[in-house]
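S.K.: show me how the following folds:
(one chain, ligands or ions: 1)
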Amino acid sequence: MRPLQYELVLRGRALVDGRFDAVEVGVTAGRISQIAPAGTGLDAVRIVDLAEDEVLLPGLVDTHVHVNEPGRTEWEGFESATRAAAAGGVTTIVDMPLNSIPPTVTVAALDEKRAVAEGRVYVDVGFWGGVVPGNLADLEPLHDAGVYGFKCFLLPSGVDEFPEVSVPEMHQAMAVLAGLDSFLIVHAEDAHIIEESVQPGARQYAPFLASRPRSAEDAAIAEVIRGAEQTGVRAHILHLSNGDSLGRLAAARVAGIDLSVETCPHYLTLTAEDIPDGDTSFKCCPPIREEGNRDELWQGLIDGTIDYIVSDHSPSTPEMKYAGDGDFAVAWGGISSLQLGLPLVWTEARGRGLPLEWVVSRMSERPADRVGLADKGRIRVGGAADFAVFAPDEVFTVEAGALAHRHPITPYQGRELSGVVRQTYLAGMPVKEGAPRGRLLRRGEEAHGHNKSTHDQNGARS
Ligand code: ZN
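M.R.: Predicted coordinates:
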């Protein structure tokens, strides 16, 4: 009997079941079909041996990305965003409903977005829908069309075509989404507290920080918790920047409310004290806060109050990012870190004594599980053969011009980081420039491979 031959076998140390082991990973039709101990000698058309300093990670899953296409392609776009993702070891992104024109608040808008993305993405792409005033009737059709959930804002979003909802409107949407067993993700800052906190524009960071106080975030989070408790909806706090809310969030968990929380690399690696005057590449909302607050966020991750880490990749044009000539009140708020998330978080985490497997689970399986990307986020039989080949000890210096997203703007310029993504595999094939092979995902559909029987058929042939 001829032994089973895989299309690809990767051999080396891989993250499987939460730890690193020397294994052979066999891939067929875009899926992992076997994981065997090193030395088994799985046969394949193509065998890849990892280098001594490399490990095999599951492709990362970034559920908070603003691609901005169609409509604001001069800010980013599907090709450049997914090229940056692949370069950073991210094999699945979920695109935010706003900053594109039209925003993804109707099925027609989703169809338009999918049409422009088709055939142009280097990694797999799913989509969020949006909740805006007056689109309650669009939520079920969007859910049926395969969005992974819905985003709303509780204060102005920064773009006119995606208005915020009031707290009562959020509750109405929560009731509808609970009935669909969908998912509501919220930009939680309180509009009234922010209005009352306006500061004169300045090149110093402190007035901007004072204009986005912790209390605004905390008040809005309290409203999300209240709504989730009353409606039973699955809810999620986007980009938590504020350590003061961790107690409230932990208590909501204990009370059995179905709530999850994310934070972002910039809140975990940057501090307000170190932001140079006039350098608006550091501007994002909610803002980067003080060093002590950063330690609290790490503690929230360690104790499980914060579930996962995603980029909130939110580019704009250089004209907007530097608008106001260093005035933090005027410049666009958003940081682009799709390509740098893993080395940023890994470098900081290892300095705090946390292992690589801890980091990776919070950037792959946890977001995948919460959002419902069932075959993503971990190396396991039957899962998508999406991988990052990572050299955790190799050091590099961030160079804005070398990043793959559209505009060479980063607050991390010149930073020395540990960890280089040397290769990214999507559905069992290396991601190659000029050959975008990503799929557009719909909730509940398996992304790769035809069906589970592919492996059985191969087995029957052997
Ligand atoms: Zn965002």
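
S.K.: using CSV, write down the CA coordinates of the helix or strand containing residue 261.
M.R.: Assessed by DSSP states H and E, residue 261 sits inside strand 259-263. The C-alpha trace of strand 259-263 is given here as CSV (Å, rounded to 0.1, in the frame of the first residue of the first chain):
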residue,chain,number,x,y,z
LEU,A,259,-19.1,40.2,27.4
SER,A,260,-15.7,40.1,25.9
VAL,A,261,-12.9,42.8,25.8
GLU,A,262,-10.1,43.6,23.4
THR,A,263,-7.1,45.9,23.7
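
S.K.: for the record, mean pLDDT for it?
M.R.: For strand 259-263, mean pLDDT rounds to 98.

S.K.: show me what the helix or strand that comes right after it is packed up against.
M.R.: From strand 259-263 onward toward the C-terminus, using DSSP H and E, the following helix or strand is helix 265-269. In terms of contacts (3 or more Cβ pairs under 8 Å, 6 or more residues apart in numbering; DSSP states H and E), helix 265-269 is packed against helix 291-302, helix 341-351. Just so you know, the C-beta spots here come from the backbone N, C-alpha and C atoms, and that holds for glycine as well.

S.K.: buried sites along the longest one?
M.R.: Taking 16 or more other Cβ atoms under 10 Å as the basis for neighbour counts, the residues of helix 291-302 that come out buried are 293-294, 296-298, 300-301.

S.K.: distance-wise, check the spatially most central residue of the chain relative to residue 181.
M.R.: Nearest to the geometric centre of the chain sits residue 62, at 2.3 Å (Cα atoms, centre = their mean). From residue 62 across to residue 181, the span is 24 Å (Cβ to Cβ, to the nearest Å).

S.K.: one more: residue 296?
M.R.: According to Cβ to Cβ, residue 296 and residue 181 sit 33 Å apart.

S.K.: tell me how many other residues surround the residue nearest to residue 427 when sequence neighbours are not counted.
M.R.: Nearest residue to residue 427, sequence neighbours excluded (Cβ to Cβ, 6 or more residues apart in numbering): residue 30, at 3.5 Å. By the criterion of other Cβ atoms under 10 Å, residue 30 has 25 neighbours.

S.K.: residue 30 reaches residue 382, doesn't it?
M.R.: No. Residue 30 lies out of contact with residue 382 (Cβ atoms under 8 Å); the separation is 11.4 Å.

S.K.: re the thing from before, tell me which two in the buried residues of helix 291-302 are the farthest apart.
M.R.: Largest separation among those by Cβ to Cβ: 293 and 301, giving 13.2 Å.

S.K.: now the strand holding residue 261 and helix 341-351, what's the angle there?
M.R.: Per axes from the mean of the first three to the mean of the last three Cα atoms, to 10 degrees, the angle that strand 259-263 makes with helix 341-351 is 90 degrees.

S.K.: so what's the residue count around residue 440?
M.R.: As a burial measure, residue 440 scores 20 neighbours (other Cβ under 10 Å).

S.K.: could you check the pLDDT of it?
M.R.: Note on residue 440: pLDDT of 98.

S.K.: that one pairs with what?
M.R.: Beta-bridge partners recorded for residue 440 (DSSP bridges): residue 125.

S.K.: list the contacts of it.
M.R.: Neighbouring residues of residue 440 by Cβ atoms under 8 Å, 6 or more residues apart in numbering: 114, 117-118, 121, 124-127.

S.K.: what's the answer for residue 194, then?
M.R.: Contacts of residue 194 by Cβ under 8 Å, 6+ apart are 155, 211-212, 216.

S.K.: any idea how far the closest residue in space to residue 293 that isn't next to it in sequence is from residue 78?
M.R.: Leaving aside its chain neighbours, residue 293 sits nearest to residue 243 (4.7 Å; criterion: Cβ to Cβ, 6+ apart). Between residue 243 and residue 78 the computed distance is 35 Å (Cβ to Cβ).

S.K.: now tabulate the buried residues of helix 291-302 in CSV and tack on distance to residue 194 and pLDDT.
M.R.: Output for the buried residues of helix 291-302, formatted as CSV (distance: Cβ to Cβ, whole Å; pLDDT from 0 to 100):
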residue, distance to residue 194, pLDDT
293, 18, 98
294, 22, 98
296, 21, 98
297, 21, 98
298, 26, 98
300, 23, 98
301, 26, 98
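
S.K.: and of the residues you listed, the nearest to residue 350?
M.R.: Once Cβ to Cβ is applied, the member of the buried residues of helix 291-302 that ends up nearest residue 350 is residue 298, at 12.4 Å.

S.K.: show me which helix or strand of this structure is least confident by mean pLDDT.
M.R.: Taking mean pLDDT, DSSP states H and E as the measure, the helix or strand of the chain with the lowest value is helix 453-461, at a mean of 35.

S.K.: before we move on, the earlier item: which helices and strands does whichever strand or helix holds the residue nearest to the centre of the chain pack with?
M.R.: For residue 62, the host element (DSSP H and E) is strand 60-65. On a contact count with 3+ Cβ pairs under 8 Å, 6+ apart, strand 60-65 meets helix 78-87, strand 90-95, helix 341-351, helix 356-363, helix 365-371.

S.K.: so the shortest one versus helix 341-351, what angle?
M.R.: Strand 90-95 runs at 110 degrees relative to helix 341-351, counting by the same axes, to 10 degrees.

S.K.: so residue 142 sits in a strand?
M.R.: No. Read with DSSP: H, G, I helix; E, B strand; the rest coil, residue 142 is helix and lies in no strand.

S.K.: and it, how far is that from residue 413?
M.R.: Counting by Cβ to Cβ, the gap from residue 142 to residue 413 is 38 Å.

S.K.: so the two - more neighbours on which side?
M.R.: residue 142 (26 against 15).

S.K.: render the CA-only coordinates of the longest helix seen in the chain in PDB, please.
M.R.: In the chain, assigned by DSSP state H, the helix with the most residues is helix 214-231. Written as PDB, here are the backbone C-alpha positions of helix 214-231 (Å, rounded to 0.1, in the frame of the first residue of the first chain):
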ATOM      1  CA  ARG A 214     -11.000  57.600  31.400                       C
ATOM      2  CA  SER A 215     -14.400  58.500  32.900                       C
ATOM      3  CA  ALA A 216     -15.900  58.700  29.300                       C
ATOM      4  CA  GLU A 217     -14.800  55.200  28.600                       C
ATOM      5  CA  ASP A 218     -16.000  53.900  31.900                       C
ATOM      6  CA  ALA A 219     -19.400  55.500  31.600                       C
ATOM      7  CA  ALA A 220     -20.000  54.000  28.100                       C
ATOM      8  CA  ILE A 221     -18.800  50.600  29.200                       C
ATOM      9  CA  ALA A 222     -21.300  50.700  32.000                       C
ATOM     10  CA  GLU A 223     -24.100  51.300  29.400                       C
ATOM     11  CA  VAL A 224     -22.900  48.400  27.300                       C
ATOM     12  CA  ILE A 225     -22.900  46.100  30.300                       C
ATOM     13  CA  ARG A 226     -26.400  47.300  31.300                       C
ATOM     14  CA  GLY A 227     -27.700  46.700  27.800                       C
ATOM     15  CA  ALA A 228     -26.100  43.300  27.500                       C
ATOM     16  CA  GLU A 229     -27.600  42.300  30.900                       C
ATOM     17  CA  GLN A 230     -31.100  43.500  29.900                       C
ATOM     18  CA  THR A 231     -31.100  42.000  26.400                       C
END
